[in-house]
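>>> coords please:
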Amino acid sequence: MNLCWFLAIVFAIIGTLSTASPAGGAGDPLVLPVWPGAAPADDAASIGPEHFRTPEKSPTTDAKWLTNVTKPTISVYRPVKSRNTGAAMLICPGGGYWNLAWDLEGTEVAEWLNSAGITGIVLKYRVPRRPGQAGAIPPPGPLLDAQRALSLVRSKAQEWNIDPHKIGMVGFSAGGHLVIATAVNFDKRAYEPIDAVDKVSCRPDFGVAVYPGYLNEEKSNAVAAKMRIPEGTCPIMLVHASDDTVSNVENSVGMYAALKHAGVPAELHVYVLGEHGFGVRKSSNPVSTWTDRCIEWLKSLGVVKQ
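As a prediction, this is how the structure comes out:
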């Protein structure tokens with residue numbers, strides 16, 4: 001073999017390796033707009049350009065905080081083909097409905113799901129709150145984005161090798177509230193249908209809410225009066241740390257009791273330590289094993305194989 005042919009083969013091998021998908025996922029995500037045009041019921045005139053906050057203007061320094069979202073999207077991260085279980089989860093990052101913890105509660109979650117053979121789909125829903133929207137209650141726009149996103153994902157199920165009956169949600173903090181809100185409003189779309197996508201069900205098949213907020217009345221710690229739990233609400237898993245100083249653990253405890261009373265299959269995991277914002281990152285605290293408990297729960301539901 002002459003030198004030219006040898007070098008050609010070497011470079012071909014290097015090129016193949018450099019473009020191969022990483023072990024935990026399938027490379028760069030597919031990004032799609034949630035809405036065919038402008039997001040409905042939105043007052044975005046005073047919202048500036050979308051951007052990541054600088055460290056000095058961020059709520060914390062352990063995440064990349066995205067804000068000024070006026071064009072919601074989904075970013076689809078697929079597992080390697082040989083490990084694909086057919087399940088998918090819409091990921092809702094937290095941020096108080098002001099920002100989105102894009103890496104901590106978004107892309108890192110997708111990577112974890114990919115490692116378990118689950119398609120991870122990060123929802124970039126509209127933030128911050130629009131003018132006149134009080135900080136004590138959730139704004140209406142994100143629910144519309146989540147409902148539409150679920151219908152969009154389900155409409156693409158065959159194309160993306162997803163089982164249309166194994167599409168769930170996972171959310172953190174405000175995103176955890178969004179999971180619950182979407183789960184209990186599956187029977188009533190919050191906007192007028194636009195196209196064929198909106199004829200597809202927006203009901204999640206299961207939901208995971210991690211240190212959710214906005215579920216309880218501030219004074220009484222009772223489940224928020226407006227929280228309705230209709231028959232047919234999907235199974236829910238709740239995860240929280242007792243020492244959470246941002247979102248009181250009673251949000252999850254009260255929601256679990258309400259779901260149980262309504263006859264909805266629910267599972268609750270409360271850890272002594274963990275505070276707020278632990279995401280899926282590993283630590284010495286037992287709270288970081290919640291991801292293992294979640295996969296076990298999904299196996300018990302038949303979402304992934306035993």
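>>> any idea which residue sits dead centre in the protein?
Centroid check for the chain by Cα atoms, centre = their mean gives residue 91 as the closest residue, at 1.6 Å.
>>> elements contacting the host helix or strand of that one?
Here residue 91 is covered by strand 88-92, with elements defined by DSSP states H and E. When contacts are defined as 3 or more Cβ pairs under 8 Å, 6 or more residues apart in numbering; DSSP states H and E, strand 88-92 packs onto helix 108-115, strand 119-124, helix 141-155, strand 167-172, helix 174-184. (C-beta placed from N, C-alpha, C; glycine too.)
>>> Take these and lay them out in CSV including mean pLDDT.
Listed next are those as CSV, based on pLDDT from 0 to 100:
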stretch, mean pLDDT
helix 108-115, 98
strand 119-124, 98
helix 141-155, 98
strand 167-172, 98
helix 174-184, 98
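>>> I'd like to know which of those is closest to residue 286.
Residue 286 lies closest to helix 108-115 among the helices and strands packed on strand 88-92, at 17.1 Å (Cβ to Cβ).
>>> what sits up against the closest one?
The contact list for helix 108-115, computed with Cβ atoms under 8 Å, 6 or more residues apart in numbering, reads 23-26, 29, 75, 77-80, 89, 91, 93, 119-122, 170, 172, 279-281, 291.
>>> Just the buried ones out of these, please.
Listed as buried from the contacts of helix 108-115 are 24-26, 29, 75, 77-80, 89, 91, 93, 119-122, 170, 172, 279-280, 291; burial here means 16 or more other Cβ atoms under 10 Å.
>>> wait, isn't the residue nearest to the centre of the chain in contact with residue 124?
No. Applying Cβ atoms under 8 Å as the test, residue 91 and residue 124 come out as separate, 10.0 Å apart.
>>> I figured residue 61 was touching residue 55, is that so?
Yes. Look at residue 61 against residue 55 with Cβ under 8 Å: they come within range, at 5.8 Å.
>>> Doesn't residue 47 belong to a helix?
No. Applying DSSP: H, G, I helix; E, B strand; the rest coil, one finds residue 47 to be coil, outside a helix.
>>> any idea how far it is from residue 263?
41 Å (Cβ to Cβ, to the nearest Å).
>>> Then residue 170?
From residue 170 over to residue 263 the distance is 23 Å, taken as Cβ to Cβ.
>>> With residue 296 instead?
From residue 296 over to residue 263 (counting by Cβ to Cβ), the distance is 23 Å.
>>> Which of these two has more residues huddled nearby?
Higher neighbour count among residue 296 and residue 263: residue 296, with 13 against 10, using other Cβ atoms under 10 Å.
>>> that's a helix at that one, yeah?
Yes. With three-state DSSP as the criterion, residue 296 is assigned to a helix.
>>> quick one: it from residue 267, how far?
In terms of Cβ to Cβ, residue 296 sits 10 Å off from residue 267.
>>> one step back: next structured bit after the strand holding residue 91?
As assigned by DSSP H and E, the chain's next helix or strand after strand 88-92 is strand 100-101.
>>> what mean pLDDT does that next one have?
For strand 100-101, mean pLDDT is 98.
>>> counting contacts, what elements does it pack onto?
If you count contacts as 3+ Cβ pairs under 8 Å, 6+ apart, strand 100-101 packs onto strand 65-67.
>>> The next helix-or-strand element following the strand it packs on - which strands sit beside it in the sheet, and in what orientation?
Next in sequence after strand 65-67, counting helices and strands by DSSP H and E, comes strand 73-77. When pairing is defined by DSSP bridges, strand 73-77 lines up against strand 30-33 (antiparallel), strand 119-124 (antiparallel).
>>> Just name the shakiest helix or strand of the protein by mean pLDDT.
helix 3-19 (a mean of 39; mean pLDDT, DSSP states H and E).
>>> Contact partners for residue 64?
Per Cβ under 8 Å, 6+ apart, neighbours of residue 64: 52, 101, 102, 103, 104.
>>> repeat that with 6 Å
Shown in contact with residue 64 (Cβ atoms under 6 Å, 6 or more residues apart in numbering): 52, 102, 103.
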